[in-house]
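Undergrad: Got a sequence here, can you build the structure:
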Amino acid sequence: MLRILTESGVEVEVELTGENPLTVEALWKALPLTGKARRWGKEIYFEVPVEVGEENARREVEVGEVAYWPEGRCLCLFFGPTPASRGDRPVAYSPVNVVGRVRGDPSRLEGVRAGERVRVEGVVRSSRRGPGEEFVRRREELFSRLREEGRLTPELEREVVELYGRRGENALKAVREGRVVRRGGRWFVKGETDEYEVVRSMCSCRDYVLNVVTGKAGVDMCYHALAKRICELLGR
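TA: Sure thing, here's the model as predicted:
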């Protein structure tokens, strides 16, 4: 989830969607973002230091949708018709990658003035669909045993997989292959196509943004964060 705040006190939260995961991943990596608001009809947009091409791009959007504009390298918030619209539905200047939707009434954005500063932050919230008490209990027992053992035994590896499923398998593989590295107190995990920085249990990967944060995953970490945590517990 994103939180967008402005100088005039307008604050909205944006629920991220999976329509354009590569764009969401790029934006999440660049957080926090700041910019200067511009207006184009009932659209607010501002430049962001992110460069992504068209993914599943479209010009026609819905009221309340938030999108990245590849041509202008801007984040756009739509709350009504734009100069390109022929009705009440917003139409972007050129194709945009929709990344989320404003929670609640998007007409609140009407109060944002052109030229005021805008800040975008990431928000991590627990979800009722997320890990339950039993998961947390088993996780704490597993982590305690990993710390005490100081090495990965077949039994502990089996428990990691039982608790985290495919994410556990991928985490163990990353640990075995030496893809978890520490540089100057910062942790990085090499994935299949990219390298991700992990801060505590937060990661910039798509799985974390779209599934872990939203509670859809049913676990508390992506495999990058889990691999990093295993290495910490083992004292590596």
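Undergrad: which phi and psi does Arg167 have?
TA: Dihedral pair for Arg167: phi -60, psi -40, per degrees, to the nearest 10.
Undergrad: Isn't Val66 up against Val14?
TA: Yes - using C-beta atoms under 8 Å, Val66 is in contact with Val14, at 5.0 Å. Just so you know, the C-beta spots here come from the backbone N, C-alpha and C atoms, and that holds for glycine as well.
Undergrad: Between those two, which has more neighbouring residues?
TA: Neighbour count, other C-beta atoms under 10 Å: between Val66 and Val14, Val66 has more, with 27 against 22.
Undergrad: May I have the secondary structure class of the more buried one?
TA: State at Val66, reduced to three classes by DSSP: H, G, I helix; E, B strand; the rest coil: strand.
Undergrad: What are the neighbouring residues in contact with it?
TA: 2, 14, 75-78, 98-102 (C-beta atoms under 8 Å, 6 or more residues apart in numbering).
Undergrad: And for Met221?
TA: Counting by C-beta under 8 Å, 6+ apart, Met221 touches 164, 167, 201, 203, 208, 212, 229.
Undergrad: try 7 Å this time
TA: 201, 212, 229 (C-beta atoms under 7 Å, 6 or more residues apart in numbering).
Undergrad: rewinding a little: would you mind grabbing the residues shared as contacts by Val66 and Val14?
TA: With C-beta under 7 Å, 6+ apart, Val66 and Val14 have common neighbours 100-102.
Undergrad: any chance of these in a markdown table, plus neighbour count and pLDDT?
TA: Output for the shared contacts of Val66 and Val14, formatted as a markdown table (neighbours: other C-beta atoms under 10 Å; pLDDT from 0 to 100):
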| residue | neighbour count | pLDDT |
| --- | --- | --- |
| Gly100 | 22 | 94 |
| Arg101 | 18 | 96 |
| Val102 | 22 | 97 |
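Undergrad: Buried ones in the longest strand seen in the chain, by neighbour count?
TA: If you go by DSSP state E, the chain has its longest strand at strand 91-102. Neighbour-count burial for strand 91-102 flags 91-93, 95-102 (criterion: 16 or more other C-beta atoms under 10 Å).
Undergrad: got it, and stretch 150-167?
TA: Buried residues in stretch 150-167, counted by 16+ other C-beta under 10 Å: 152, 156-157, 159-161, 163-164, 167.
Undergrad: coming back round to it: with respect to Gly178, which of the shared contacts of Val66 and Val14 is nearest?
TA: Gly100 (35.9 Å; C-beta to C-beta).
Undergrad: and the longest helix belonging to the chain, what does it pack onto?
TA: Longest helix of the chain, by residue count under DSSP state H: helix 133-149. Packing contacts for helix 133-149, counted by 3 or more C-beta pairs under 7 Å, 6 or more residues apart in numbering; DSSP states H and E, involve helix 154-164, helix 223-233.
Undergrad: I'm done for today, thanks for sticking with me.
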